[in-house]
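J.: Prediction below, plus the sequence it came from.
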Amino acid sequence: MAYVSTKLYIDQAAVAVRVELFFPTDLPEIGTDIRGVITLLHGASNSNLEWVNLTSAYRYASDKGYILVIPEAQNSFYHDMVYGAPFYTILTRWLPEQLDRIFKIPSDPALNYIAGLSMGGYGAMRIGLANPQRYRAIGAFSAPLEAHALAKDYPPETPLNYLTVPAFGTDRQVPPEADPLLLAEQVALLPAEQRPRLFTSCGLEDSEPYLILEQNRHFAEHLKQLPLDFRYLEWTGTHEWYFWDRSLAEFIGFIEDDDYARLIQAHWDTPGRLH
């Protein structure tokens, strides 16, 4: 296995982007063939290192032979920020060019997946649905998927007020081209073979103050009316890392069409023996 922690300077934006990379393709049981590439996006007030430090992402990827690409995007909501760097353009254009040039990360859409948690889940849906030709599947875990909720004027003490203004401006207006619901409707009009598969998950206790559960249920009800390959899962959990760790395993099972998350659970369910 190879772990690469790097900063790639994006000349067009005059910004250095930190990226964590994981390559499992020297493991004997995996071989040198690349099974796929999963880009993982982090949440607001987090960094890309949380995916590395607080989940089993590397172990799950090594089980299945996936390269991981985990970029840093600040509190950008994966937009070209009104007051900040153009992270949407960075992550959809300039960073992939750098990764291909330096690390030869494959760009074949049949091999590429994108997923994220919370803000990163919104970002994955926004990026993936706006660029359906690039991804085979998209995953969003505990994500604020309704654009009007992001633009809402919360009470002054609510942290989301501070998080959204740099990305969207003081009026907090999310443009139509960044609304996952509208983007999903556009993707549904594509030929079936051009539509990425979609996966979302949310904890049953993940409601206040941002109504994440309600947003995910509304999103799911809307997508069920569209001709999309879509799965929505919910189980006991809040806005936390136990939930996101399992969500990643569930997403891998979704893209693999197997019961990978149940396999992980079975390892824990096996009783230990005290000697």
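T.: Sure thing, it's come through. Residues are numbered from 1 along each chain as shown.
J.: Please make it C-alpha for all contacts and neighbour counts, starting now.
T.: Fine.
J.: Surely residue 219 is in contact with residue 179?
T.: No. Using Cα atoms under 8 Å, residue 219 makes no contact with residue 179, being 11.1 Å away.
J.: Which neighbours do those two have in common?
T.: 145-146 (Cα atoms under 8 Å, 6 or more residues apart in numbering).
J.: the helices in the stretch 101-250 of the chain, which residues?
T.: Taking DSSP state H, counting those that start in this stretch, the helices of the stretch 101-250 of the chain run over residues 119-130, 147-150, 159-168, 180-188, 212-223, 241-256.
J.: Kindly report which one of the ones you listed carries the lowest mean pLDDT.
T.: Of all the helices of the stretch 101-250 of the chain, helix 147-150 carries the lowest average pLDDT, namely a mean of 77.
J.: Contacts for whichever strand or helix holds residue 262 next, please.
T.: Using DSSP states H and E, residue 262 maps to helix 260-269. Helix 260-269 has contacts (Cα under 8 Å, 6+ apart) with 246, 249-250, 252-253.
J.: That helix: how far from the chain's middle?
T.: Averaging C-alpha positions (Cα atoms, centre = their mean, to the nearest Å) puts helix 260-269 22 Å from its chain's average.
J.: Quick one: end-to-end length of stretch 150-163, please.
T.: From its first residue to its last, stretch 150-163 covers 10 Å (Cα to Cα, to the nearest Å).
J.: can you list contacts of it?
T.: Stretch 150-163 is contacted by residues 44, 75, 144, 164, 171-174 when judged by Cα under 8 Å, 6+ apart.
J.: Give me the buried stretch members for it, please.
T.: By 16 or more other Cα atoms under 10 Å, the buried positions in stretch 150-163 come out as 150-151, 160-161, 163.
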